[in-house]
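Q: predicted coordinates and the sequence they were generated for:
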Amino acid sequence: MRKIGVLTSGGDAPGMNAAIMSIAKSASRYGIPLVGIKRGYNGLLRKSTSIKEDLQELHLDTVLDIADRPGTYLRTARCDEFRDPAWREVAVKTLHDMEIDGLVIIGGDGSFQGAMRLCELGIPCIGIPGTIDNDLAYTEMTLGYETAVQVCTEAIRSIRATSRSHDRPHVVECMGRHCGDIALKAACATGAEIVVVPEVPWTVEEVAARLNKQIAKGNTRATIVLAEGCWDSLAEPFDMYGFLTSHGKQCFEGEPWSAMRFASVMKRMCGMIEVRSTVVGYTQRGAYPVAKDSAFAFEAGNVAVKLLHEGISNQVIGTRQGRVFHMPIEEALKAEHTFRHDLYNLVNDIDQR
């Protein structure tokens, strides 16, 4: 193998830099030069005026100290052009021109789809799961997920402290796209009274009833944790207080649902008690990685280079019961996510008997 390339694609995730460092370390051990590809798949399309803006030789001493840094040293971006077969041919030509015989791709499901297409064109690829959403079902965790949970947990703990001081409920929105794992785990870790996720259909009235139940018990400081994709699983239209459906999207007063608007509805439906809201936001993606993410990244990077060196490709790396493993990309993408309904019921105090 003449050279190995590495890129980070899609949304950034804590632990990506640790993976890059590990890949550089392993490539150095095997005596294989490493090339960093900037801004995800965009760096292979050679749109920049200078090759240095797209590609960079990565020496071990350059990346040795980045393992604990947030973000991604190589930058990242989404690349819609890569869906076009003609642009994929450009990417293959770039790899051939640069004598890159294998590629490590750190990203989520869309990034892995791109890796599979490159494998079909004869480019050996290995995928490392890098997304805070934890929405890749084949693996127990993805890079950045544990860090995102920790960030949300710390935010909710602080919010619950001020909620106790003022005796008022609070709505907290976590990231996760269409996966509720971050919200659910953070709710479990903080003792939140209500959690709303995309995996379980729900109604506004149902959540208001749960909050009213807490208030009736004297708990006027309950926490409602929302996964950002929960609006897609609203079970039925809600026509009170200006709700409407616009172009197939759930809206409130003509605008997309948000934590702030939801808090406003809860206030109206719960005796006008003051309800505040907080969106944890991009601090989940830009945080310093926790040890579990960094350790997984370190091991995954080493395995990725080892596989390419041994002539094994079209694989993604994951973790199961604390052990790192690999499997074909296509099989991994077919895996179905298993949601922890038991934990959801525990948080929401739903009788499971």
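A: Perfect, thanks for sending it.
Q: make it CA atoms for all contacts and neighbour counts henceforth
A: Will do.
Q: other SSEs contacting the helix or strand containing residue 117?
A: Assigning secondary structure by DSSP states H and E places residue 117 in helix 109-120. Contact here means 3 or more Cα pairs under 8 Å, 6 or more residues apart in numbering; DSSP states H and E; on that basis helix 109-120 packs against strand 102-107, strand 125-129, helix 329-334.
Q: pick the most buried one from the ones you listed.
A: strand 125-129 (a mean of 30; mean count of other Cα atoms under 10 Å).
Q: what pairs with it, and is each one parallel or antiparallel?
A: strand 102-107 (parallel), strand 315-320 (parallel) (DSSP bridges).
Q: picking up where we left off before, kindly reformat the helices and strands packed on helix 109-120 as TSV containing distance to residue 212 and mean pLDDT.
A: Output for these, formatted as TSV (distance: least, Cα to Cα, whole Å; pLDDT from 0 to 100):
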stretch	distance to residue 212	mean pLDDT
strand 102-107	41	99
strand 125-129	40	99
helix 329-334	41	97
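Q: in CSV, list those along with distance to residue 46.
A: Below are the helices and strands packed on helix 109-120 laid out as CSV (distance: least, Cα to Cα, whole Å):
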stretch, distance to residue 46
strand 102-107, 17
strand 125-129, 20
helix 329-334, 26
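Q: between those, which one is closest to residue 2.
A: Closest to residue 2 of these, according to Cα to Cα: strand 102-107, at 8.6 Å.
Q: the helices in this protein, which residues?
A: Assigned by DSSP state H, the chain shows helices spanning 16-30, 60-63, 85-97, 109-120, 145-166, 181-190, 204-216, 259-269, 291-309, 329-334, 341-347.
Q: identify the residues contacting the fourth one?
A: Put plainly, it is helix 109-120. Around helix 109-120, the neighbours that count as contacts under Cα atoms under 8 Å, 6 or more residues apart in numbering are 9-10, 82-83, 88, 92, 105, 124-127, 136, 313-314, 329-330, 333.
Q: the inter-axis angle of that helix versus strand 125-129?
A: Per axes from the mean of the first three to the mean of the last three Cα atoms, to 10 degrees, the angle that helix 109-120 makes with strand 125-129 is 170 degrees.
Q: report the angle between helix 109-120 and helix 85-97.
A: 70 degrees.
Q: in helix 109-120, what's buried?
A: For helix 109-120, a neighbour-count test (16 or more other Cα atoms under 10 Å) marks 109-119 as buried.
Q: how far off centre is it?
A: 18 Å (Cα atoms, centre = their mean, to the nearest Å).
Q: just the pLDDT for the nearest residue to residue 182 once chain neighbours are set aside.
A: Distance criterion Cα to Cα, 6 or more residues apart in numbering; nearest residue to residue 182, sequence neighbours excluded, is residue 149 at 5.3 Å. For residue 149, the pLDDT comes out at 99.
Q: kindly report the same for the one 10 residues further on.
A: As summarised for this prediction, residue 159 has a pLDDT of 98.
Q: residues contacting it?
A: Contacts of residue 159 (Cα under 8 Å, 6+ apart): residue 170.
Q: try residue 205
A: Contacts of residue 205 (Cα under 8 Å, 6+ apart): none.
Q: swap in residue 73?
A: So residue 73 contacts 17, 66 (Cα under 8 Å, 6+ apart).
Q: separation between it and residue 35?
A: 13 Å (Cα to Cα, to the nearest Å).
Q: residue 16 now?
A: If you measure residue 16 against residue 35 using Cα to Cα, the figure is 16 Å.
Q: what's the answer for residue 323, then?
A: Taking Cα to Cα, one finds residue 323 at 28 Å from residue 35.
Q: ok, those two, which is more surrounded?
A: residue 35 (21 against 10; other Cα atoms under 10 Å).
Q: would you confirm that that one contacts residue 54?
A: No: Residue 35 lies out of contact with residue 54 (Cα atoms under 8 Å); the separation is 10.2 Å.
Q: okay, and the common contacts of those two?
A: With Cα under 8 Å, 6+ apart, residue 35 and residue 54 have no common neighbours.
Q: and the protein, what are its domains?
A: 4-144+289-334, 145-285 (automatic domain parsing).
Q: nearest to residue 340, of these?
A: With Cα to Cα as the measure, domain 145-285 is the member of those nearest residue 340 (8.4 Å).
Q: report how many residues lie close to the residue nearest to residue 182.
A: 25.
Q: right, I'll call it a day here.
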